[in-house]
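In: Okay, here's the prediction I keep looking at, along with the sequence it came from:
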Amino acid sequence: MNTTTAVQKKRKPEAIGSGYLNIVAPLIVLVILIAALEFFTRAFGISRFVLPPPTDIIVKTISNFPEIWPHFLFTLKIVAIGFMISVPFGMLIAALFSQFEIMVKAISPVIIWLVITPMITLIPLIMLWLGTDPNLRVIVVIIQATPIITLNTLNGFTNIESEKLELAKSVGASKPQTFIKIIFMNAMPQVFTGIKLGCIFSTIGAISADFVAGTVGLGSRIVQYTKYNNIELSYGCIIIIALIGISLFSIVEIIEKRIVLWKN
Amino acid sequence: MTKKRIESFFAPILMFLLIFTGWEIIVRTLKIPKWLLPMPSEIFKSMVVNFPAFWPHILMTIETVLLGFIIAVPIGILLASLITSFKVVNAALSPYVTFLVMVPLISLVPLLMLFMGYGMNVRVVTVIIQSFAVVNMNACTGFNNVPILRQELMQSLGASRLESYRRVILPTAASDIFTGVRLAGIFATTGCISAEYVGGNMGLGSQIIKYSQFLKTTESFACIFYVTIVGLMMYWLISFAQKKIISWKI
Amino acid sequence: MEELGKKTLQEPRIKFENVSKIFETRSQEIVAVKDYSMEVLTGEFVSIIGPSGCGKSTLIRMLDGIIKPTEGNIYLDGNQVNEEGKMPKETLRKMGFIFQQPNLLPWYTVRENVALPLRVFGLSGETWEKRVDELLELVGLSKSGQLFPYEISGGMLQRAGVVRAMVHDPEILLMDEPFGALDELTREQLNMELLEIWKETKKTIIFITHNVEEAVLLSSRIYVMGTQPGRLVSTVNIDLPRPRSLKMITQPEFIGYKQKLTKLIGDLDLSKIK
C-alpha cells in the first residue's frame, strides 16, 4: 500500500488576518480611482459641469483656498462645537432618565420621535426666533445630533445582564459606583455607536443649515459656486466637507480604541 | 394587562400630553405671538384645516422618501454582498464603505440640481445617495461576521457561494442589515427635506421654508409635524418588516 | 507502540501521509500540524486525543476540505483529496462532520436543519425524506421536528447536529469533540447512543476528544497528539471487547488503558514545561 507516491506539493502557509492588505489595497483603489476619473473626463471630453477632471478640482481648490478658508473654518467650528456639546448633553440626558424605569418608558418614544424628525426642518424657525447670526447654526447641529446619541446611550444603559448588577450588589457597591463602574462601562460600545452616528448627524445638520440660509459656511459656498458655474470649486468644497466628516469619525474611532479595549 | 404593560403603554402617552400641555400653557400665559411660537392646539387645527393645501406636498414627500428608500436598500445590500464576496475587494473598499456613511452626501444636491433640474428625480437621487451608504455599511458588517462554524458547515457540504449566501450568510446578517435599514429610513427623510430646501416648490421641505418666510409659523409647524408623521410611518414600516422577516430567535 | 500487523492486508479507507499545516500571521508562522501520518480502515472507530491547541481539529477539517494542508497528502479510498481547488461534492458526500457545538441554523426548524445536507447535495425524493424522519426518531426528536432550535435543550440540539451529519448517508463520520460542551450525564448517554449507531451502521468514525475515558470507551485505536507543534506522539490500540458499556469503566483493563493514556498526555505536559 505504501507505494503510492503522489507529488508532494508544498503550499504557501495560510495567512491569518489580512496583514498589510488592509492598508495597501485601499490606497491602490484611491490612486486607480483618481487616475481613471482623470482619464475618462479628459479622453471622453465629459462636460466639466458634470464632472471636471480631478486635477482641475485640486488645482483650482488650492489656488482659491484663501477664499474658501474662512468658510472651512466656519463649518469646522459649527460642526466641532455642536458635536462637542451634543455628546455630553446626549449622554447626560440618557444618564438622568435611566435612573428611573418609569422615565425610561415615558421618554423613549419621545426620543424616537425626535430622532425620526429631521431637525433641519426647524432651521427656518430658529432663524425666525434667534435671528440670522450664522453662529446660531450650532443649535441646529445640537438638536440634530443629540437625540441619536441619547437613544443609543439609553439603550446601552438599560440593556445590562442582571448578573452584572448582582455582582455590584454582592460587593456592596453604592449607586454611583454601580453606575460608573458597571452600567456606564458596560454601555460603552453602544455609547460609541451613538457618538459615531452623532458625527454624521452633526455634519448633515451643519451643511443643511448652510443650504437654507447664509453667505457663510461650506454648504452655502457649494450653492454659490454652482450658481456661478465654478463646478471645480463646488467639488473642492464637497471634498473638504467629506474630510471634516471623516476626520471627526476617525478621532472618535481612535478614542474608542483607547477606551473600549475589551471589544474584540 | 400586567402593571408593567400598563406602565409602558401609558407612560409615553402621558409624556406627550405633558409636553403639549406645557407648551400650550406657556404660550398662553406669556402671550407669545403666533408668528413666534404657535400653540399646539392651533398647529393641530391647521393640520386639519389646511390639509387640502398640504396634501400634494405630503404625498410628494412620501413618494420621494419611499421611492428613494426602496431603491437604496437593495443597492446597499447588493453592493455589500459583492464587496464582501471577495477578500481583496473587501480589504480594498472597507474604509470607503465607512467613509461613505460619514460624508454628508447631501452636499452634492446643488450640483445634482445643475444637471438634473429641480424635479422629483433629483430629490429621489438625494434620498438614495444619502441612505444607501448606511445600509451598505451595516450589511458589510453582518456579512463579514458570520460565525466560522456556520461557514465550515457549508464548506463541509461543498455548498456554492450562492447557496451559502442564501442559507447562512444572508439570514445571519439580517439583524445587522435591519439596523442599517432603520437608520436609512431616518437618512431618507432628512435627505428628502434637505433636497426640498435647496430647490423647487414641491414637498413639505419647500413648504416649511415658504411659510416661515411669510411668518406663517403655525403652518410651518403643521408641515414639520407631517414630516414627523412621514418619519413615523417609515419607522413602523421597517419594524413591521423586521418582525415579519426575522421570525426566529438566536 | 503496537504494530498494526494484522490489518495491513486491507486497503486503508483514509490515509494521512506526512501532513503539515502552517498558518501565517503578520509576525510569525504557526505550525498547527507537523508531519502527521495515520491510516484508518473501513468500519473502524478511531480517536485522536490531545491537549487543546494540538491541531486535532485541523486534521479532520483538512480531510473534509474545509482547510487545505500546507504539505503532505491525504487520501480517501486511494484518491488524493487535497488537490487544488474545491473538493468535489461526490467526495464530500462520503463524509459527515459533527461540530463541537450543535451549530444549527436558528432560522430553520429542527427538521429543516437535519435535512440541510440533502438540500445542498441535491438529494431529493421520498426515500431521503423518510430517512430524515427515521433519524429524528432514532435520537428521540420526532416530536421536535417542527420546533425551532431555541425551543429545545442543549442535549437535543447536539443530537440533531449528530443526525444532520448522517442524513446524506455518509460512510465516514468526522466528530470534533461533539459532546464537549454538554454535561457529564448527557455526554455519557450520547456516547452510548453513538456506539449503538456505529454498531448498526458500521460507519468509519474519526473522533476528536480531549477526554481520555471517552476515547478508551469508544475507540479501537487512539492517536495521541502533542502540542507546539501539533504532532503525533503515540498510537494506542484498545483491545477491549465489544459491545462496550458504561459498566466497563471500572474494570482493571479499562483503568489500565486510561492510566497509560493519562501518563502519555501527562508526560507531554511535563516536556512542555521543561
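Out: That came through, no problem.

In: dump the residue contacts of A:Met91.
Out: A:Ile149, A:Thr150, A:Thr153, A:Val191 (C-beta atoms under 8 Å, 6 or more residues apart in numbering or on different chains). Placement of C-beta: from N, CA and C, glycine included.

In: Closest one of those residues to A:Thr117?
Out: A:Thr150 (13.8 Å; C-beta to C-beta).

In: Can you name every helix or strand that the helix or strand where the closest one lies contacts?
Out: Element membership for A:Thr150 (DSSP states H and E) is helix A:137-158. Applying 3 or more C-beta pairs under 8 Å, 6 or more residues apart in numbering or on different chains; DSSP states H and E, we find helix A:137-158 packed against helix A:65-97, helix A:101-116, helix A:123-130, helix A:185-212.

In: Tell me the helix or strand right after it.
Out: Going down the chain from helix A:137-158, the next helix or strand is helix A:162-170, by DSSP H and E.

In: To what extent is the nearest residue to B:Gly191 once chain neighbours are set aside buried, counted in neighbours?
Out: Nearest non-adjacent residue to B:Gly191, counting by C-beta to C-beta, 6 or more residues apart in numbering or on different chains: B:Gln130, 3.5 Å away. B:Gln130 has 31 neighbours, counted by other C-beta atoms under 10 Å in any protein chain shown.

In: which residues touch the closest residue in space to C:Val120 that isn't next to it in sequence?
Out: Residue nearest to C:Val120 in three dimensions, not counting chain neighbours: B:Leu157, with 4.3 Å by C-beta to C-beta, 6+ apart. Residues in contact with B:Leu157 (C-beta under 8 Å, 6+ apart) are C:Leu92, C:Leu116, C:Pro117, C:Val120, C:Phe121.

In: Over to A:Pro88?
Out: Counting by C-beta under 8 Å, 6+ apart, A:Pro88 makes contact with nothing.

In: and A:Arg240, what element?
Out: To be clear, residue A:240 is Ile; Arg isn't right here. Assigned by DSSP H and E, A:Ile240 falls in helix A:231-259.

In: List the buried residues of that helix.
Out: A:231-242, A:244-246, A:248-249, A:252, A:256 (16 or more other C-beta atoms under 10 Å in any protein chain shown).

In: Then stretch A:23-41?
Out: Within stretch A:23-41, the residues that qualify as buried are A:Ala25, A:Pro26, A:Val29, A:Leu37, A:Thr41, counting by 16+ other C-beta under 10 Å.

In: which regions of chain B lie under the pLDDT threshold?
Out: For chain B, the stretches flagged by pLDDT under 70 are B:1, B:250.

In: Counting neighbours, which bits of the longest helix seen in it end up buried?
Out: In chain B, taking DSSP state H as the definition, the longest helix is helix B:51-85. Going by neighbour count (16+ other C-beta under 10 Å), the buried part of helix B:51-85 is B:54, B:57-58, B:60-69, B:71-73, B:75-77, B:79-81, B:83-84.

In: pLDDT weak spots in chain A?
Out: In the predicted model, chain A carries pLDDT under 70 at residues A:1-12, A:15-19, A:263-264.

In: quick check: domain ranges of it?
Out: Annotated domains of chain A cover A:17-46, A:54-259 [automatic domain parsing].

In: Single out the most deeply packed of the ones you listed.
Out: Sort the domains of chain A by mean neighbour count, taking mean count of other C-beta atoms under 10 Å in any protein chain shown, and domain A:54-259 sits at the top with a mean of 19.
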